[in-house]
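> Return atomic coordinates for the entry below.
(one chain, ligands or ions: 1)
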Amino acid sequence: MFQEVWKSYEENELTHSAAHHLMAVHELRTRHGYARVSDIAQHLKITKGSVSSAMKHLKERGYVREDHNKFLELSDKGAKVVAEIEAARMAFQRFLVHALGMDEDDAEIDACKVEHLVSAETRSRLTHFLRFLFSEQPAARVFLEALRIHTLEHGAVIAAEEVFAGAIPDGVRDRA
Ligand SMILES: [Zn+2]
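Residues are numbered from 1 along each chain as shown. Coordinates of the predicted model:
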């Protein structure tokens, strides 16, 4: 199963670099009203040549097109992907900082790594989880405080070999 998943991602999905090219187009157009190859290169701190070849590929795949001034803009498909990536990044960042207590900068880096990879279902369920967790529900308040104390008592860092030690009770596993 895992073998097939990573192979299909390599073939079909956006690379992390392509995702950031699309986000750059979105950000520059929002900020300045236009996005040329040179603007994107400056924004991403890479060469114009590599932006050009990335954009050629993204145009061919229907994520990007040129506006009436021959400047770059996102297609509907590109805009949808950018919205999904930004939503996933936001959800992960909130989860890592506000639920797990991570440092903002570390959380931003990890959220950046996964933003373009997660499914709509993961993003949606994580969003539900966060909405519940930060709601006025008394159970959520109690849970967050108990989690905070647990993490303080046991230390934030757990060695990889210890990760599998915590058994999940049958009742919890069956309900999933
Ligand atoms: Zn990223």
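
> switch to C-alpha atoms for all contacts and neighbour counts from now on
Fine.

> Any figure for the gap between residue 128 and residue 62?
Here residue 128 is placed at a distance of 31 Å from residue 62 (C-alpha to C-alpha, to the nearest Å).

> What's the nearest residue in the protein when you look at the ion?
Of all residues in the chain, residue 112 sits closest to the ion, with a separation of 3.5 Å (C-alpha to the ion).

> Pretty sure that residue sits against residue 89.
Yes: Residue 112 sits in contact with residue 89 when judged by C-alpha atoms under 8 Å, with a separation of 6.2 Å.

> The residue nearest the centre of the chain - nearest residue in space that isn't next to it in sequence?
The C-alpha lying nearest the average C-alpha coordinate of the chain belongs to residue 115 (C-alpha atoms, centre = their mean; 1.6 Å). When the adjacent residues along the chain are set aside, residue 115 lies closest to residue 89, with 4.8 Å between them (C-alpha to C-alpha, 6 or more residues apart in numbering).

> count of neighbours near the one you found?
Summarising burial for residue 89: neighbours were counted as other C-alpha atoms under 10 Å, giving 24.

> so where's the protein shaky on pLDDT?
Low-confidence segments of the chain, defined by pLDDT under 70, span residues 1, 3, 6-12, 166-167, 170, 173-176.

> Remind me what the longest helix seen in it packs against, helices and strands.
Across the chain, the longest stretch assigned as helix under DSSP state H is helix 76-94. Contacts defined by 3 or more C-alpha pairs under 8 Å, 6 or more residues apart in numbering; DSSP states H and E place helix 76-94 against helix 16-32, helix 104-114, helix 120-133.

> let's go with 10 Å and repeat that
Other elements packing on helix 76-94 under the criterion 3 or more C-alpha pairs under 10 Å, 6 or more residues apart in numbering; DSSP states H and E are helix 16-32, strand 64-66, strand 72-74, helix 104-114, helix 120-133.

> Just the buried positions in that helix, please.
Along helix 76-94, these residues count as buried under the neighbour rule (16 or more other C-alpha atoms under 10 Å): 78-79, 81-82, 84-94.

> Send me stretch 145-154 as PDB with only the CA atoms.
Coordinates of each C-alpha in stretch 145-154 appear next as PDB, following Å, rounded to 0.1, in the frame of the first residue of the first chain:
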ATOM      1  CA  GLU A 145      -5.000  21.200  30.100                       C
ATOM      2  CA  ALA A 146      -4.400  17.500  30.900                       C
ATOM      3  CA  LEU A 147      -2.400  17.200  27.700                       C
ATOM      4  CA  ARG A 148      -0.300  20.200  28.600                       C
ATOM      5  CA  ILE A 149       0.500  18.700  32.000                       C
ATOM      6  CA  HIS A 150       1.200  15.300  30.600                       C
ATOM      7  CA  THR A 151       3.700  16.700  28.100                       C
ATOM      8  CA  LEU A 152       5.400  18.700  30.800                       C
ATOM      9  CA  GLU A 153       5.700  15.700  33.000                       C
ATOM     10  CA  HIS A 154       6.900  13.300  30.300                       C
END
